[in-house]
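Next comes the sequence, and after it the predicted model I'd like to discuss.
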Amino acid sequence: MYQNDLFISAKRVLVSGPKEFLYLIKEASIVVTSSFHAMLFSIIFNKTFYIIDGMKDNRKRDILSYYHLEKQSIDKEIDFKLIHEQIEHSNMDFSTVINEQYDSGIKFIKERILHENM
């Protein structure tokens with residue numbers, strides 16, 4: 001099996017506007033990116049994703065570490081066969097983490113409003 005055979009149906013998109021960018025991520029079955037924002041929207045849309053060299057960038061590393069997703073960071077030189085095997089065994093669900101963050105944000109806002117009204 002050749003490396004390219006694993007992603008024979010993959011689309012490589014280099015240019016898109018914000019609307020297309022979000023649509024592509026939302027409709028993707030998997031996202032392989034080096035983009036910080038594509039990583040964030042992959043999490044929001046609960047998509048299996050891999051971020052190239054994610055642990056080498058502070059912003060990306062902070063998000064990956066916070067959500068315990070360090071394994072989603074891949075090296076530029078990684079064997080794509082390994083990614084394919086990981087995808088087959090992946091069962092990512094970010095909804096719990098996102099809901100916890102949402103609840104935490106709402107609690108923070110309510111506490112601030114209550115504190116200001118005292």
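Thanks, I have it.

where does the protein have low pLDDT?
For the chain, residues meeting the criterion pLDDT under 70 lie at 1-15, 77-93, 118.

all strands for this protein, in order.
For the chain, the strands defined by DSSP state E cover 31-33, 49-52, 73-74.

Using a markdown table, please lay out these together with distance to residue 112 and mean neighbour count.
From N, CA and C alone the C-beta is placed, and that goes for glycine too. Formatted as a markdown table, the strands of the chain follow (distance: least, CB to CB, whole Å; neighbours: other CB atoms under 10 Å):
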| stretch | distance to residue 112 | mean neighbour count |
| --- | --- | --- |
| strand 31-33 | 34 | 19 |
| strand 49-52 | 33 | 22 |
| strand 73-74 | 34 | 20 |
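
For residue 109, which of the ones you listed is the nearest?
When the strands of the chain are compared by CB to CB, strand 49-52 sits nearest residue 109, at 28.7 Å.

Pull up the pairing partners for that closest one, direction included.
If you go by DSSP bridges, strand 49-52 pairs up with strand 31-33 (parallel), strand 73-74 (parallel).
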